[in-house]
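**Student:** Turn this into a structure:
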Amino acid sequence: MNNNAEVRNQLVRMLTLRQAHMDFEDAVADFPAEQINTRLPNADYTFWHLLEHIRICQKDILDYIQSDNYHWPNFPDDLWPDPSAETDLTGWQQTIAQFYADRQALVAIINDPAVDLFAPLPNSGEHRHNILREINVIASHNAYHTGELAIMRQVMGLWPS
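**Tutor:** Numbers count the residues shown, from 1 in each chain. Next up, the predicted model:
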């Protein structure tokens, strides 16, 4: 068995397939457009805010991997949309499309045999983060918030019958 190929295969699967959790595609499928700016009771964010947060964080990891001049975001302000921000159906769909495009860019990095998944990233300093770690971080972050989105839909009765 080629362990390098197997590690790459598993990382891609973590990002793209349903495994021990709902996948992103199912969580956003058939979402009612009139609810994208709905805020659950006692929640600080809307459905779109959560979706945009997932997209922003994944893009941040992609930038961290790719950039020689990466700048750390300020948490939480740079990783969430403004609490008063709203979007329309086009903005919702753009968030989803950009999420898919950035995820595909991560998959391309993983699948590139010239990329060393274990080499320290140039911006990681003493932490010596590598691509393997970053893919694990974003895959778990995406899974966590995808589950949150699914639960929010359940609480609000927004799943198709």
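
**Student:** which residues sit against the helix of greatest length in the chain?
**Tutor:** Assignment by DSSP state H gives helix 131-155 as the longest helix of the chain. Here helix 131-155 makes contact (Cβ atoms under 8 Å, 6 or more residues apart in numbering) with 7, 11, 14-15, 21-24, 26-28, 31, 40, 43, 47, 50-51, 53-54, 57-58, 61, 64-65, 106, 109-110, 115-119, 121, 158-159. For every residue, glycine as well, the C-beta is placed using N, CA and C.

**Student:** Give me the buried entries from the residues you listed.
**Tutor:** Buried residues within these, defined by neighbour count using 16 or more other Cβ atoms under 10 Å: 11, 14-15, 23-24, 27-28, 31, 47, 50-51, 53-54, 57-58, 61, 64-65, 106, 109-110, 117, 121, 158.

**Student:** out of those residues, which are inside helices?
**Tutor:** Of the buried ones among the contacts of helix 131-155, the ones assigned to helices by DSSP H are 11, 14-15, 24, 27-28, 47, 50-51, 53-54, 57-58, 61, 64-65, 106, 109-110.

**Student:** excluding its backbone neighbours, what's nearest Q98?
**Tutor:** Nearest non-adjacent residue to Q98, counting by Cβ to Cβ, 6 or more residues apart in numbering: R55, 5.6 Å away.

**Student:** Tell me who's in contact with that neighbour.
**Tutor:** By Cβ under 8 Å, 6+ apart, the neighbours of R55 are 95, 98-99, 102.

**Student:** Any of those residues buried? List them.
**Tutor:** 95, 99, 102.

**Student:** could I get those residues as TSV with secondary structure and pLDDT?
**Tutor:** Formatted as TSV, the buried ones among the contacts of R55 follow (DSSP: H, G, I helix; E, B strand; the rest coil; pLDDT from 0 to 100):
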residue	secondary structure	pLDDT
T95	helix	98
F99	helix	98
D102	helix	98
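
**Student:** T87: which of the residues you listed is nearest?
**Tutor:** T95 (7.4 Å; Cβ to Cβ).

**Student:** in terms of contact, does that closest one touch E52 like I think?
**Tutor:** Yes - applying Cβ atoms under 8 Å as the test, T95 and E52 come out as touching, 5.3 Å apart.

**Student:** what is in contact with these two at once?
**Tutor:** T87.

**Student:** Distance from the chain centre to the helix or strand bottoming out on mean pLDDT in the chain, please.
**Tutor:** One helix or strand of the chain scores below all others by mean pLDDT, DSSP states H and E: helix 3-16, with a mean of 93. Distance of helix 3-16 from the chain centroid (Cα atoms, centre = their mean, to the nearest Å) equals 17 Å.

**Student:** Good, wrapping up.
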